[in-house]
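S.K.: Mind looking at a prediction? Sequence and model below.
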Amino acid sequence: MARRQFSVRLAFAMSINKSQGQSVKFVGIDLRDNVSSHGQLYVALSRCTSSNRISVLLSREDDNTTTNVGCPEVLL
């Protein structure tokens, strides 16, 4: 009988809104879909205590960029 093992780490997921006011050691941000609300990208990136502990997932077409979507009709 042969067994395969792989390491598993406990991790938590939360929405950007839920993360407001918290500081965390490691942050992973999934930007395959655009950030839907103005300022959410800033909040997501600023939750981490160190900039070298932030991981960002982009789709291949994005060419290392994403759009921080704003709704102009709200500003009227």
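M.R.: Noted; the coordinates are in hand.
S.K.: Every contact and neighbour count from this point should use C-alpha atoms.
M.R.: Noted.
S.K.: How far does stretch 24-43 sit from its chain's centre?
M.R.: How far stretch 24-43 lies from its chain's middle: 4 Å, per Cα atoms, centre = their mean, to the nearest Å.
S.K.: Equivalent analysis for stretch 22-30, please.
M.R.: With Cα atoms, centre = their mean, you get 7 Å for stretch 22-30.
S.K.: longest helix in the protein, by residue count?
M.R.: With DSSP state H setting the assignment, residue counts place helix 40-46 as the longest helix in the chain.
S.K.: what about residue 13, which helix or strand?
M.R.: If you go by DSSP states H and E, residue 13 is not part of any helix or strand.
S.K.: follow-up on the earlier one: tabulate the CA atom coordinates of the longest helix of the chain in CSV.
M.R.: C-alpha atoms of helix 40-46 as CSV (Å, rounded to 0.1, in the frame of the first residue of the first chain):
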residue,chain,number,x,y,z
GLN,A,40,-12.1,48.6,-2.3
LEU,A,41,-8.7,47.9,-4.0
TYR,A,42,-7.0,50.3,-1.6
VAL,A,43,-8.7,48.6,1.4
ALA,A,44,-7.7,45.2,0.2
LEU,A,45,-4.0,46.2,-0.3
SER,A,46,-3.7,48.1,2.9
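S.K.: what packs against that helix?
M.R.: Under the contact criterion of 3 or more Cα pairs under 8 Å, 6 or more residues apart in numbering; DSSP states H and E, helix 40-46 touches helix 16-19, strand 27-30.
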